[in-house]
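Engineer: sequence unknown, structure follows:
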């Protein structure tokens, strides 16, 4: 296609044809960077990128070229072995239309139109018999849905909700315009982080049923287009937080963006510590909401961060338990795949810690003393589900713990807002303002 032709796609045709599926995807997504390095005169560095891509996938094979699927298996002693599983090509799927049987080579007008309108189509080069990419065509009507999937819109919505909860808990007069600016800036920053995360994980997302239909994996959008979208949303989000909210909130948003893309994302294939780093990332949005309202960080912001930090362990560990085979096949070092006992212990510890944490909020005058007792039945049930998951270790118990975490967090945040100590907040609001004028001038 014109895009890959501009970025030197013809030079890597042989690499695409001979390499494994993961290598082909990795080289495809790094073509813009390689072409940019060549344009800057860094030919040796470009060759190093291609060589490193081959070494990466030889060390951690994802797909065998034609023989079958390479998977990791663990025996009773905890050792991992690499095995080849024979696979066969899937039959073609007809999207909603039935093709009448006919002679070999015959096809209906509908199937021909679909093939001709596909975004990534391979055409035969009559000169040298090699294949080349055709032009990518994107339906503008599909862009909003593609952008939503790139942004992980449900995860971004949860981030915005937690940031709004932090804003609402701050003991200051409510400012809806400031809340809107803080929520929009936080959401745009989250969209950018999630898009960059998908761009970096395309070769590995293709091996998981949960992520194989993401836009970049399905080639519904070019990697350059995705990076431009990530840059635009990230820049607009940080600028909005800096200009319409305050510099501290913008700094937190930028730091969280860097932490998610440059620390959490690569750690997923290196160490189980990625879960702890990811929990820190998830704990920052309520702090951003608090600093947007208050302009600083104090005990209230830190307690909200601890609440989100502890909640993410039972939430994510329960989710990853059902996906541990896929994580292992893709090379992700998650607790559920590397150390299942640690996964269950950590989920139970933090579930019980949430019950204790609810009694700390009244100590710092962030809620009334009715709050921990109102949360008691919810904390007890959430801890019970974590305990069942710890002892039974099956998919059914992990799913129940995961779905319990989905309603637990918004319930606790809502109860926090309902049990704000009004008297303390009103005394804070009614304090006389300090004049900022010159001495003697009112």
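Structural biologist: In hand now; what should we look at? Since this is a predicted model, take the numbers as computed values, not measurements.

Engineer: tell me where this structure has strands.
Structural biologist: Taking DSSP state E, the strands of the chain run over residues 68-74, 80-86, 122-124, 131-133.

Engineer: now do the first one, average pLDDT.
Structural biologist: Here the mean pLDDT over strand 68-74 is 46, rounded to a whole number.

Engineer: now swap in stretch 233-248 and tell me
Structural biologist: Per-residue scores along stretch 233-248 average to 95.

Engineer: give me the buried stretch members for that stretch, please.
Structural biologist: Residues of stretch 233-248 classed as buried under the neighbour-count rule (16 or more other CB atoms under 10 Å) are 233, 234, 236, 237, 238, 240, 241, 242, 244, 245, 246, 248. Just so you know, the C-beta spots here come from the backbone N, C-alpha and C atoms, and that holds for glycine as well.

Engineer: got it, and stretch 271-281?
Structural biologist: Neighbour count says stretch 271-281 has 272, 274, 275, 276, 277, 278, 279, 280, 281 buried, by 16+ other CB under 10 Å.

Engineer: just the ones in helices from those residues, please.
Structural biologist: Those of those mapping onto helices are 274, 275, 276, 277, 278, 279, 280, 281, per DSSP state H.

Engineer: so which of those residues is the closest to residue 174?
Structural biologist: residue 281 (27.3 Å; CB to CB).

Engineer: residues contacting residue 246?
Structural biologist: Listed by CB atoms under 8 Å, 6 or more residues apart in numbering, the contact partners of residue 246 are 291, 292, 295.

Engineer: how about a markdown table for these, with neighbour count, pLDDT and distance to residue 398 added?
Structural biologist: As requested, the contacts of residue 246 are exported to a markdown table (neighbours: other CB atoms under 10 Å; pLDDT from 0 to 100; distance: CB to CB, whole Å):
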| residue | neighbour count | pLDDT | distance to residue 398 |
| --- | --- | --- | --- |
| 291 | 26 | 94 | 35 |
| 292 | 29 | 94 | 35 |
| 295 | 14 | 88 | 41 |
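
Engineer: spell out which residues make up each domain of this structure.
Structural biologist: As recorded under automatic domain parsing, the domains making up the chain are 1-74+131-137, 140-294, 298-429.

Engineer: let's see which of the buried residues of stretch 233-248 end up in helices.
Structural biologist: Per DSSP H, the subset of the buried residues of stretch 233-248 in helices is 233, 234, 236, 237, 238, 240, 248.

Engineer: got the contact list for stretch 393-413?
Structural biologist: Under CB under 8 Å, 6+ apart, the answer for stretch 393-413 is 161-162, 165, 307-308, 311, 314-315, 318-319, 321-322, 340, 344, 347, 354, 358, 375, 378, 381-382, 385-386, 388-389.

Engineer: now do the buried residues in stretch 375-395.
Structural biologist: So stretch 375-395, judged by 16+ other CB under 10 Å, has buried residues 375, 378, 379, 382, 383, 385, 386, 387, 388, 389, 390.

Engineer: now do stretch 354-369
Structural biologist: 354, 355, 357, 358, 359, 361, 362, 365, 366, 367, 368.

Engineer: using a markdown table, please lay out those residues together with distance to residue 218 and pLDDT.
Structural biologist: As requested, the buried residues of stretch 354-369 are exported to a markdown table (distance: CB to CB, whole Å; pLDDT from 0 to 100):
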| residue | distance to residue 218 | pLDDT |
| --- | --- | --- |
| 354 | 38 | 93 |
| 355 | 43 | 91 |
| 357 | 42 | 93 |
| 358 | 43 | 91 |
| 359 | 48 | 93 |
| 361 | 45 | 93 |
| 362 | 50 | 91 |
| 365 | 51 | 87 |
| 366 | 45 | 88 |
| 367 | 46 | 88 |
| 368 | 51 | 90 |
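
Engineer: nearest to residue 334, of the residues you listed?
Structural biologist: Comparing those against residue 334 with CB to CB places residue 354 closest, at 21.7 Å.

Engineer: just checking, that closest one touches residue 309?
Structural biologist: No: if you go by CB atoms under 8 Å, residue 354 and residue 309 don't touch, sitting 10.2 Å apart.

Engineer: nearest to residue 334, of the buried residues of stretch 233-248?
Structural biologist: Residue 334 lies nearest to residue 234 out of those, by CB to CB, at 26.5 Å.

Engineer: next up, the contacts around the residue lying closest to residue 234 once chain neighbours are set aside.
Structural biologist: Spatial nearest neighbour of residue 234, excluding adjacent residues (CB to CB, 6 or more residues apart in numbering): residue 192 at 3.2 Å. Contact analysis of residue 192 by CB under 8 Å, 6+ apart lists 230, 231, 233, 234, 237, 257.

Engineer: before we move on, what about residue 211?
Structural biologist: Contacts of residue 211 by CB under 8 Å, 6+ apart are 201, 205, 217.

Engineer: mind redoing it with 6 Å?
Structural biologist: residue 205 (CB atoms under 6 Å, 6 or more residues apart in numbering).

Engineer: and residue 183, how close does it get to residue 266?
Structural biologist: 29 Å (CB to CB, to the nearest Å).

Engineer: just for the stretch 1-150 of the chain, where's the confidence low?
Structural biologist: Along the stretch 1-150 of the chain, the parts satisfying pLDDT under 70 run over 1-136.

Engineer: dump the buried residues of stretch 233-248 into CSV; add distance to residue 332 as well.
Structural biologist: Converted to CSV, the buried residues of stretch 233-248 look like this (distance: CB to CB, whole Å):
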residue, distance to residue 332
233, 25
234, 25
236, 31
237, 27
238, 29
240, 33
241, 31
242, 34
244, 38
245, 35
246, 37
248, 34
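
Engineer: closest one of the residues you listed to residue 209?
Structural biologist: Proximity of the buried residues of stretch 233-248 to residue 209 (CB to CB) peaks at residue 233, which lies at 27.5 Å.

Engineer: go ahead and confirm that closest one touches residue 187.
Structural biologist: No: with contacts counted by CB atoms under 6 Å, residue 233 stays clear of residue 187, the gap being 8.7 Å.

Engineer: run a quick neighbour tally on residue 299.
Structural biologist: 13 (other CB atoms under 10 Å).

Engineer: on the pLDDT front, check the residue lying closest to residue 374 once chain neighbours are set aside for me.
Structural biologist: Leaving aside its chain neighbours, residue 374 sits nearest to residue 415 (5.6 Å; criterion: CB to CB, 6+ apart). Looking at residue 415, its pLDDT is 93.

Engineer: how about residue 157?
Structural biologist: For residue 157, pLDDT reads 93.

Engineer: got it, and residue 215?
Structural biologist: pLDDT at residue 215 comes out at 89.
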